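[1] sequence isn't available, so here's the structure alone:
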Ligand SMILES: C[S@@+](CC[C@H](N)C(=O)[O-])C[C@H]1O[C@@H](n2cnc3c(N)ncnc32)[C@H](O)[C@@H]1O
C-alpha cells in the first residue's frame, strides 16, 4: 500500500486458467433447436463474436443506460458493501460480460484484504468469472490481469451451477450483475441460487426497477418501452437472424409490456416477438432452418419489479437481506443477501 492508502497493483504473471463446459458448437445447436421451436431465448443474443460486440455497443448506447447506471450505484456504495464481505471470500460472477463491475469490486476487496493482513503482503482470494460466451470470460480475465488474486474463468450456463460449483473454493460471494436477475423467472433463479449456496456464502445482485414516477399504467409503459424499444436495443435483439443471413426488412421486432400474475401479485414483464415477413432458409453450422412468412418467434423477457416486489420474492425463497441500496431516483437497486438459517 502506498502512503495515500491506495493499493498499486503490479503485473501478475500467473497463467489464467479457463474451463470450457459449453462450446460454441453447443450454443449453435441450441440456436437451431430453438428456432425450429420458434423460440429465441435471450442468451442466444450474446453468442459469438457478434454477440460480444453487440452487447458492448448496447451497453455504451445513450438510449440503454441500464447496466451503466447499476455500475454507478455499485461504485457509490462500494465501501459499505465491502464491509460485509469476509476476508478471503471467493468472488464468483455469472453472466460476467466485460467484467467491469467485478474489477471494481475485486480492487476494493484486495485493498480490504491487504489492510487486514498488512504484514503478509499477500491476498488469498479467488475469482471465477463465468459466462456462456467464451470471449466475455477472456475479456473479464484480462481486465483483472494485474490484480493479485487467483483466477479461473468458466464458460458455462448458470443453469448448470450444480456442476460449476465443483470448481470454486468456498465460501463464495455469488454475483449476478447487470440486471441479469430480471431475465429469469424470479422463483426459478432464487431457488437455483438458494439450493447451490452453502451457509456462509453470500448472494449479490442488482436490478433496474419499475419506474415509480406516475403510477399510471400508461406512464410506466412509456418509460419502460422508451428504453427497451429503442433502435439500439431492437438491433441487439435482431442480431441472430441478421447474423445468419436475414435482412432487416425480412422480419419485424415487437416489444410490449405485459402485466402478469405472480405469487406476490401483478408484475410487469416485457414480451418480445419476431414476426417473419418472408420465407427464409438460415444456414447455421451444418443445419438449414426454414422459416415461413407469418411465423412468430417468441423471445426472452425482462421483469420490471418494484423494490418491494424483489424483497417479497427474496423472503419467499428463503433469503435475508444484509444490505441494500437504491439510487436517488429509485430506478436501480443493489442487494446483498444470504440464505436464512
Ligand atoms: C445483461 S448482460 C450483463 C453483463 C454484465 N454482468 C454487466 O453487468 O454488464 C448478461 C450477460 O449474461 C450472459 N448470460 C446470458 N445467459 C446466461 C446463462 N444462462 N448463463 C451464464 N451467462 C449467461 C451473457 O452472455 C451476458 O454476458
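    Cool, the structure landed. Predicted, not measured: the structure shown is a model, and the values here were computed from it.

[2] count the residues that sit near the closest residue to residue 237 other than its chain neighbours.
    Among residues not flanking residue 237 along the chain, residue 253 sits closest, at 5.7 Å (C-beta to C-beta, 6 or more residues apart in numbering). C-beta here means a position set from N, CA and C on the backbone, and glycine is covered the same way. For residue 253, the count of nearby residues is 19 (other C-beta atoms under 10 Å).

[3] next: the one 10 residues further on.
    Using other C-beta under 10 Å, residue 263 is surrounded by 11 other residues.

[4] and the residue lying closest to it once chain neighbours are set aside, what does it touch?
    Excluding the flanking residues, the one nearest residue 263 by C-beta to C-beta, 6+ apart is residue 316, at 6.4 Å. Applying C-beta atoms under 8 Å, 6 or more residues apart in numbering, one finds that residue 316 lies in contact with 187, 190, 263, 264.

[5] filter those residues down to the buried ones, ChimeraX style.
    Typed into ChimeraX, the line below selects the buried ones among the contacts of residue 316, using 16 or more other C-beta atoms under 10 Å:
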select :190,264
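
[6] out of the contacts of residue 316, which is nearest to the ligand?
    Lowest distance from the ligand to the contacts of residue 316 (C-beta to the nearest ligand atom) belongs to residue 190, with 15.0 Å.

[7] by contact count, what packs against the helix or strand where that closest one lies?
    Per DSSP states H and E, residue 190 falls inside helix 186-196. The contact analysis (3 or more C-beta pairs under 8 Å, 6 or more residues apart in numbering; DSSP states H and E) places helix 186-196 against helix 161-164, strand 172-176, helix 307-316.

[8] let's see 7 Å
    The helices and strands touching helix 186-196, judged by 3 or more C-beta pairs under 7 Å, 6 or more residues apart in numbering; DSSP states H and E, are helix 161-164, helix 307-316.

[9] looking at the ones you listed, which is nearest to the ligand?
    helix 161-164 (9.0 Å).

[10] now that closest one: buried residues?
    So, applying 16+ other C-beta under 10 Å, buried residues of helix 161-164: 161, 164.

[11] average pLDDT for it?
    When pLDDT is averaged along helix 161-164, the result is 96.

[12] what number of residues lie near residue 141?
    19.

[13] which elements pack onto the next helix or strand after the helix holding residue 190?
    Toward the C-terminus, helix 186-196 is succeeded by strand 202-208 as the next helix or strand (DSSP H and E). Secondary-structure packing of strand 202-208 (3+ C-beta pairs under 7 Å, 6+ apart): helix 66-82, strand 172-176, strand 332-339.

[14] pretty sure residue 193 is touching residue 175, no?
    No - assessed by C-beta atoms under 7 Å, residue 193 is found out of contact with residue 175, at 10.5 Å.

[15] to residue 70, which of the helices and strands packed on helix 186-196 lies closest?
    With distances scored as C-beta to C-beta, the stretch of the helices and strands packed on helix 186-196 nearest to residue 70 is helix 307-316 (13.5 Å).

[16] what does this protein have sitting close to the ligand?
    With C-beta under 6 Å from any ligand atom as the criterion, the chain comes near the ligand at residues 43, 46, 59, 67, 94-97, 101, 131-133, 136, 157-159, 177-180.

[17] make it 5 Å
    43, 46, 67, 95, 97, 131-133, 136, 157-158, 177-178, 180 (C-beta under 5 Å from any ligand atom).

[18] per the record, what domains does the protein have?
    Domains of the chain are assigned by automatic domain parsing as 17-211+306-339, 217-304.

[19] and those domains, which one's lowest on average pLDDT?
    domain 217-304 (a mean of 92).

[20] what sits against residue 312?
    residue 264 (C-beta atoms under 7 Å, 6 or more residues apart in numbering).

[21] oh sorry, the question was meant for residue 197
    Per C-beta under 7 Å, 6+ apart, neighbours of residue 197: 174, 203, 339.

[22] phi, psi for it please.
    phi -90, psi 150 (degrees, to the nearest 10).

[23] give me the spatial nearest neighbour of whatever residue of the stretch 101-250 of the chain ends up closest to the ligand, chain neighbours excluded.
    Closest to the ligand within the stretch 101-250 of the chain is residue 178: 2.1 Å, counting by C-beta to the nearest ligand atom. Closest residue to residue 178 apart from its sequence neighbours, by C-beta to C-beta, 6+ apart: residue 67 at 4.2 Å.
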